[in-house]
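A.B. asks: just to be clear, the model below is a prediction. Sequence and coordinates:
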Amino acid sequence: HLEEFISIKHEDFFKTQKAGEDKLHMVFNPPYGERLDIEMEEFYKNIGDTLKQGYPGTDAWFITSNLDALKHVGLRPSRKIHLVNAKLEARFVKYVMYEGSKKAKYNN
């Protein structure tokens, strides 16, 4: 029973924040800009801002073929994996959220 280990919710991500202190792992498959007509750079920036402000102690993974929009997340990836997804060159990218800055985390 996956419900014991995984919870899936349908919410407006931009109005949420992390509940509790436990380590959180999130996987994003945001639009690539192939079918939806939205402002990709702003959308990816909003995801990055929400993660930075509301999700300390979280590992966030993105899978996308929109490499230009990925630059607008505003975070430095700790891992990048090159792959092909539905015949599109893509990246599976990991971001680690820290309370404060990464530098401060290691100076304490």
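C.D. replies: In hand now; what should we look at?
A.B. asks: check what contacts the longest helix belonging to the chain and list those residues.
C.D. replies: Ranked by residue count, the top helix of the chain under DSSP state H comes out as helix 40-54. The contact list for helix 40-54 (Cβ atoms under 8 Å, 6 or more residues apart in numbering) reads 13-14, 16-18, 28, 30-31, 33, 58, 60, 66, 68-70, 72-75, 95, 97. Bear in mind the C-beta positions are built from the backbone N, C-alpha and C, glycine included.
A.B. asks: other SSEs contacting the helix or strand following that helix?
C.D. replies: Using DSSP states H and E, the next helix or strand after helix 40-54 towards the C-terminus is strand 58-64. For strand 58-64, the helices and strands in contact under the criterion 3 or more Cβ pairs under 8 Å, 6 or more residues apart in numbering; DSSP states H and E are strand 24-28, strand 88-96.
A.B. asks: returning to what we had before: quick one, the longest helix of the chain and strand 58-64 angle?
C.D. replies: With axes from the mean of the first three to the mean of the last three Cα atoms, to 10 degrees defining the directions, helix 40-54 sits at 170 degrees from strand 58-64.
A.B. asks: hey, C-alpha coordinates of helix 40-54 in PDB?
C.D. replies: Output of helix 40-54 as PDB, limited to C-alpha atoms (Å, rounded to 0.1, in the frame of the first residue of the first chain):
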ATOM      1  CA  MET A  40       7.600  29.500 -19.100                       C
ATOM      2  CA  GLU A  41      10.400  31.700 -17.500                       C
ATOM      3  CA  GLU A  42       8.000  33.200 -15.000                       C
ATOM      4  CA  PHE A  43       6.400  29.900 -14.200                       C
ATOM      5  CA  TYR A  44       9.800  28.300 -13.400                       C
ATOM      6  CA  LYS A  45      10.900  31.300 -11.500                       C
ATOM      7  CA  ASN A  46       7.800  31.100  -9.300                       C
ATOM      8  CA  ILE A  47       8.500  27.400  -8.600                       C
ATOM      9  CA  GLY A  48      12.000  28.300  -7.500                       C
ATOM     10  CA  ASP A  49      10.800  31.200  -5.300                       C
ATOM     11  CA  THR A  50       8.200  29.000  -3.600                       C
ATOM     12  CA  LEU A  51      10.800  26.300  -2.900                       C
ATOM     13  CA  LYS A  52      13.300  28.800  -1.500                       C
ATOM     14  CA  GLN A  53      10.800  30.500   0.700                       C
ATOM     15  CA  GLY A  54       8.600  27.700   1.900                       C
END
